[in-house]
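Undergrad: Fold the following and give me the result.
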Amino acid sequence: TSITYRGEGSRLSPTRVPKFAGSFDYLSFYNEALRNSGQPELFSEGTLNKYLTGEDRDLYPNVNWWDALMKDHTYNNRHTITFRGGAEKMRYFVSGAYFGESGLYKVNNNYNNNAGIKRFNLRSNIDMDITKDLLLRADLSGQYLQVNRPPFDTGRLFTGIFTSPPHVIPVKYSDGSLADNHAAIISDNPYNDLVEKGYRREWRSLIQTKVELLHKLDFLLAGLKARAALCYDANSTYLSTRIKNADTYFATGRKSDGELLLDKVANASPFGTPIQTSVGDKNIYVETANNYDQTFGKHTVGGMALY
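TA: Take a look at the predicted model:
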């Protein structure tokens with residue numbers, strides 16, 4: 001028996017990351033667009049300077065949503081082990097593999113909602129000579145997959161990152177309160193969508209089996225063979241989503257003692273009953289065939305009858 005092991009590890013980074021305008025540039029361009037349209041500027045020089053100097057990042061934030069929510073790189077690893085061997089009348093091959101990859105999101109909470117995948121594979125092939133003319137083949141392969149991610153589609157998160165202005169709200173307020181937009185016309189805080197809304201788990205399993213008999217019928221007719229195969233495939237997917245909401249606020253100013261004036265935007269709701277769905281299917285396939293292949297001098301004759 002020969003045993004082979006192979007392990008790999010990789011560090012992955014985006015090939016290109018978009019650059020976003022800061023609050024000062026964003027609002028300066030906005031004023032310029034208003035001037036070009038013959039309209040008065042909306043943001044005064046004093047307001048722009050507060051965004052530029054960062055004197056109060058709660059009331060005059062400057063958020064790069066990509067940097068706030070995304071890591072610079074992530075990792076994956078792969079491990080494979082194989083066993084190969086046998087004797088004169090039986091040969092076998094068995095392989096097991098694991099692949100894992102962590103997500104690119106920055107998360108910090110009491111549950112894992114980062115994007116991630118764990119995949120386990122198993123394959124085995126056995127050939128057995130029952131007699132000198134009868135061969136039995138048994139093949140089995142299976143896969144088990146675990147997927148983890150936030151409860152909403154990736155598109156929603158990236159839409160928030162690319163469309164949320166840098167100047168409206170911070171990621172979080174300095175007192176720990178979760179920020180949210182007071183104006184409904186502006187998108188929600190992408191941080192809340194990523195970290196404070198829950199998680200989704202997905203489990204997938206796949207099994208493929210095949211048992212085949214090959215029989216040489218040379219005692220009836222030279223070159224004649226019979227084959228019979230039975231295949232069974234099954235796959236299933238199970239999803240579980242848990243959603244919650246947190247108290248969110250919008251800062252309108254500060255009290256005389258410096259405490260933030262916060263308007264409540266949304267009320268918290270705890271984790272409810274998991275939203276669960278499952279799907280699956282199976283297929284059974286039976287095949288029989290007779291093959292004939294024989295050479296007569298310079299001529300070859302072949303044929304197959306399949307059911």
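
Undergrad: What ranges does the stretch 151-300 of the chain have for its strands?
TA: For the stretch 151-300 of the chain, strands defined by DSSP state E, counting those that start in this stretch occupy the ranges 178-179, 198-216, 224-243, 248-254, 260-266, 275-296, 299-306.

Undergrad: so what strands line up beside the second one?
TA: Here strand 198-216 is paired, per DSSP bridges, with strand 134-149 (antiparallel), strand 224-243 (antiparallel).

Undergrad: where's it relative to the chain centroid, distance-wise?
TA: On the basis of CA atoms, centre = their mean, to the nearest Å, strand 198-216 sits 20 Å off its chain's mean C-alpha point.

Undergrad: next one: the first one
TA: Chain-centre distance of strand 178-179: 27 Å, with CA atoms, centre = their mean.

Undergrad: and if you look at the longest one?
TA: Relative to the chain's own centre, strand 275-296 is displaced by 30 Å; criterion: CA atoms, centre = their mean.

Undergrad: what's it packed up against?
TA: When contacts are defined as 3 or more CB pairs under 8 Å, 6 or more residues apart in numbering; DSSP states H and E, strand 275-296 sits against strand 224-243, strand 299-306. C-beta coordinates here come from the backbone N, C-alpha and C atoms, glycine included.

Undergrad: and if you look at the fifth one?
TA: Counting by 3+ CB pairs under 8 Å, 6+ apart, the packing neighbours recorded for strand 260-266 are strand 248-254.

Undergrad: Show residues contacting the strand it packs on.
TA: For strand 248-254, the external contacting residues (CB atoms under 8 Å, 6 or more residues apart in numbering) are 56, 58-59, 169, 173, 177-182, 189, 192, 260-266.

Undergrad: Could you spell out the sheet neighbours of it, each with its direction?
TA: Applying DSSP bridges, strand 248-254 is found paired with strand 178-179 (parallel), strand 260-266 (antiparallel).
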